[in-house]
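Undergrad: Sequence first, then the predicted structure:
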Amino acid sequence: MKILFVVDQLQDLVSDPLYIGLVRLLGQEQVVDFPSKNIFHRREDKRWFLPQVPDLGYSDTDIFDLLRDKVFDLVCVASHRSDCLANLERLSQAVPLPPIVYIDGADDSRIRHEVAARFQLAAYFKREYRWASTSKLGRFVDCARAFHFNRRLFERTYPLTMCVVPDAIPQHQGCAKDIDVSFYGIASHQKRAQAMALLEPLAHEGLTVAAGLYAAATDKAYKLKATALKRLIAKIRDPSTVPEEIQRRKLSPEDYYRTLARSKVAVSIRGGGFDTLRYWEIVASGTFLLSEKPDIVIPHNYEQRTHAVFCQPDLSDLQALVRYYASHDAEREAIAGAGHAHLLKFHACEPRAAQFLEICRNAV
């Protein structure tokens, strides 16, 4: 299968690792990004979570000619953002296109009907796929409103979460587990502030806590200034007692991965959506994952107390679980090891690409 991978220039934590997986499975000549995406190829634009491959050097004219010659079997629209859709529109107005599949990596559960209406999609891949109990066709009525009663679109919509490129994640094997619990993240959801408020007091019990929330002021999706972040935390506890490092503490990728490797327990809490890279990075680092139970559909997800441990939705048992697993080394390490093996089998970039290709082949 030869795929035209239509992109924009912003990093995408769903489709970018998928691209690497597709290249590794099919060969680089079979997966052509359009337009050429800088973070895939240009050394100065490299991202910490993504390896790079050489640029094939196709011009726009080359791509149009290849489409006219029906060289591509599939067009994959790799982002929900407007620039990516504009690139697809430019192609569709110039030449006939092969079957189109669409990756909606937005951190919401909204189905983008305007895209489905404009382009006849062979498959719609949704990151925050929330219809676990309504995925059977006989119960379509339960989620019909979200799909505007479009059964055809419902039947062609599939969950597709993030994955990791394992060789992009440093492995600090043999490093001392001298941090009892860690949690770092963008302050994009009140529940993250709640988790921070629960974890910080554990330090007064003698546990080693490495944690911090930070505001990504340049990111429109997560624009929280310091005063807004204090107000967020104030809903949980007195903001005057919140240390400055908890309000805006951001680690470099190197320090972050080293912290994960040193952690006995690492916590993942939802941001704008449930699916976050941290949920996968923790396990990929060989560290024990403590998370909320997902409220989205994740095919081949971690199993409770086999690959990870899920706390109550209201985080009421978060502290107790941290205390327990920080002190039960054998049990914790067995779960971490099983989780790591499970991730490599199902949630690394290559198995994710294989899952994606199987759906595409069936849909097309």
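TA: Yes, it's here. Numbering: from 1, shown residues only.
Undergrad: Strands of the stretch 151-300 of the chain, start to end?
TA: Ranges of strands within the stretch 151-300 of the chain are 157-159, 179-186, 209-214, 263-268, 288-292, based on DSSP state E, counting those that start in this stretch.
Undergrad: Adjacent strands (with direction) for the longest one?
TA: This points to strand 179-186. When pairing is defined by DSSP bridges, strand 179-186 lines up against strand 209-214 (parallel), strand 263-268 (parallel).
Undergrad: Those strands into JSON lines, with extra columns for mean pLDDT?
TA: As requested, the strands paired with strand 179-186 are exported to JSON lines (pLDDT from 0 to 100):
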{"stretch": "strand 209-214", "mean pLDDT": "88"}
{"stretch": "strand 263-268", "mean pLDDT": "98"}
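Undergrad: deepest of these, which one?
TA: Among those, strand 263-268 has the highest mean neighbour count (mean count of other CB atoms under 10 Å), at a mean of 25. Where C-beta positions appear, they are placed from N, C-alpha and C, glycine not excepted.
Undergrad: quick one: contacts of that one?
TA: 177, 179-183, 195, 199, 210, 260, 276, 278-279, 282, 285, 287-292, 318, 321-322, 325-326, 329, 332 (CB atoms under 8 Å, 6 or more residues apart in numbering).
Undergrad: what do you get for stretch 42-61?
TA: Taking CB under 8 Å, 6+ apart as the rule, stretch 42-61 contacts 11, 13, 16-17, 20, 23, 28-29, 32, 34-36, 38-41, 66, 164-165, 167-169, 253, 277, 281.
Undergrad: from those, which ones fall inside helices?
TA: Counting by DSSP state H, the part of the contacts of stretch 42-61 found in helices is 16-17, 20, 23, 38-41, 66, 253, 277, 281.
Undergrad: coming back round to it: export the strands of the stretch 151-300 of the chain to TSV and append columns for distance to Ala78.
TA: Listed next are the strands of the stretch 151-300 of the chain as TSV, based on distance: least, CB to CB, whole Å:
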stretch	distance to Ala78
strand 157-159	15
strand 179-186	23
strand 209-214	28
strand 263-268	25
strand 288-292	27
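Undergrad: And the ones you listed: which comes nearest Val364?
TA: Taking CB to CB, strand 157-159 is the member of the strands of the stretch 151-300 of the chain nearest to Val364, at 13.3 Å.
Undergrad: What average pLDDT does the closest one get?
TA: Confidence for strand 157-159, expressed as mean pLDDT, is 97.
Undergrad: That one pairs with which strands?
TA: In the sheet, strand 157-159 lines up against strand 121-126 (parallel) (DSSP bridges).
Undergrad: What residues sit buried inside the strand it pairs with?
TA: Judged by neighbour count (16 or more other CB atoms under 10 Å), strand 121-126 contains these buried residues: 121-126.
Undergrad: And for stretch 153-169?
TA: Neighbour-count burial for stretch 153-169 flags 153-154, 156-166, 168-169 (criterion: 16+ other CB under 10 Å).
Undergrad: for stretch 357-364, same thing?
TA: Neighbour counts over stretch 357-364 (16+ other CB under 10 Å) mark 357, 359-360, 363 as buried.
Undergrad: Among these, which one lies nearest to Ala132?
TA: Ile359 (17.5 Å).
Undergrad: Now do the helices in the stretch 51-200 of the chain.
TA: Assigned helices in the stretch 51-200 of the chain, in chain order: 60-68, 82-94, 113-118, 151-155, 190-199 (criterion: DSSP state H, counting those that start in this stretch).
Undergrad: for Pro313, what are its contacts?
TA: 292-293.
Undergrad: Quickly note the distance from it to Asp295.
TA: Counting by CB to CB, to the nearest Å, the gap from Pro313 to Asp295 is 8 Å.
Undergrad: Which pLDDT value goes with the nearest residue to Leu344 once chain neighbours are set aside?
TA: Of all residues beyond its chain neighbours, the one nearest Leu344 is Pro166 (6.4 Å), with distances taken as CB to CB, 6 or more residues apart in numbering. Pro166 carries a pLDDT value of 96.
Undergrad: tell me the least confident of the ones in helices among the contacts of stretch 42-61?
TA: Per-residue pLDDT puts Pro253 lowest of the ones in helices among the contacts of stretch 42-61, at 91.
Undergrad: Could you check how far the closest residue to that one other than its chain neighbours is from Gln11?
TA: In this structure, Pro253 finds its nearest non-sequential neighbour in Trp48, 3.8 Å apart by CB to CB, 6+ apart. Here Trp48 is placed at a distance of 10 Å from Gln11 (CB to CB).
Undergrad: Stretch 332-348: which residues count as buried?
TA: Going by 16+ other CB under 10 Å, stretch 332-348 has these buried residues: 332-333, 335-336, 338-340, 342-343, 346-348.
Undergrad: Check those residues and tell me the two furthest apart.
TA: Using CB to CB, the two most remote members of these are Arg332 and Ala348, lying 22.5 Å apart.
Undergrad: Thought Leu318 was touching Ala195, still the case?
TA: Yes: counting by CB atoms under 8 Å, Leu318 is a contact partner of Ala195 at 6.5 Å.
Undergrad: So if I had to pick from the two, which one is more boxed in?
TA: Ala195 (25 against 22; other CB atoms under 10 Å).
Undergrad: Now stretch 316-324: buried residues?
TA: So stretch 316-324, judged by 16+ other CB under 10 Å, has buried residues 318-319, 321-323.
Undergrad: Strands - which of those land there?
TA: Counting by DSSP state E, no part of the buried residues of stretch 316-324 is found in strands.
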